[in-house]
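**Q** what's the 3D shape of this:
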Amino acid sequence: QVQLVESGGGLVQPGGSLRLSCAASGSTFSIYAMGWYRQAPGKQRELVAAITSGGRSKYAESVKGRFTISRDNATNTLYLQMNSLKPEDTAVYYCNRGLYGSWSSLGYDYWGQGAQVTVSS
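**A** Below you'll find the model as predicted:
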């Protein structure tokens, strides 16, 4: 059974930084693509950043140059480093595990419980 547990959310001022972590259960973490999604109130969930099993990453245009996704296969942990945060980054952030190694397998069955990120002065 797959379990994904996010941590690291919180309240931060505009221009600040946060790092989200997602701890994944299971011994085959390394073979799956992973992604971070977010959902703001009244909006649809959107893909923020994704990383393949081979380490290739991609980002939403709105976060390029500010956010960095990474993975540590030794500890089954996914990270999202968020810098230069803006009020429009406020949302619940979700970790997602793909069905296999490529980006196209993201957005389906396996989700964490979410971590609230609030950017406000």
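**Q** contact partners for the most centrally placed residue in the chain?
**A** Taking C-alpha atoms, centre = their mean as the criterion, Trp36 is the residue nearest the geometric centre of the chain, at 2.4 Å. Contacts for Trp36 were tallied using C-beta atoms under 8 Å, 6 or more residues apart in numbering; they are 20, 22, 47-50, 69, 78, 80, 93-96. C-beta coordinates here come from the backbone N, C-alpha and C atoms, glycine included.
**Q** closest to Pro41 out of those?
**A** Tyr93 (13.5 Å; C-beta to C-beta).
**Q** this protein: helices as residue ranges?
**A** Remark: no helices are assigned in the chain by DSSP state H.
**Q** before we move on, the earlier item: dump the contacts of Trp36 into TSV; add neighbour count as well.
**A** Output for these, formatted as TSV (neighbours: other C-beta atoms under 10 Å):
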residue	neighbour count
Leu20	24
Cys22	25
Leu47	16
Val48	22
Ala49	24
Ala50	24
Ile69	21
Leu78	27
Leu80	27
Tyr93	23
Tyr94	21
Cys95	27
Asn96	24
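**Q** okay, those residues in JSON lines with pLDDT next?
**A** Formatted as JSON lines, the contacts of Trp36 follow (pLDDT from 0 to 100):
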{"residue": "Leu20", "pLDDT": "98"}
{"residue": "Cys22", "pLDDT": "98"}
{"residue": "Leu47", "pLDDT": "98"}
{"residue": "Val48", "pLDDT": "98"}
{"residue": "Ala49", "pLDDT": "98"}
{"residue": "Ala50", "pLDDT": "98"}
{"residue": "Ile69", "pLDDT": "98"}
{"residue": "Leu78", "pLDDT": "98"}
{"residue": "Leu80", "pLDDT": "98"}
{"residue": "Tyr93", "pLDDT": "98"}
{"residue": "Tyr94", "pLDDT": "98"}
{"residue": "Cys95", "pLDDT": "97"}
{"residue": "Asn96", "pLDDT": "97"}
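**Q** these in strands, which ones?
**A** 20, 22, 47-50, 69, 78, 80, 93-96 (DSSP state E).
**Q** quick one: residues contacting Ala24.
**A** Taking C-beta under 8 Å, 6+ apart as the criterion, Ala24 is in contact with Val2, Gln3, Leu4, Met34, Asn76, Thr77, Leu78, Cys95, Arg97.
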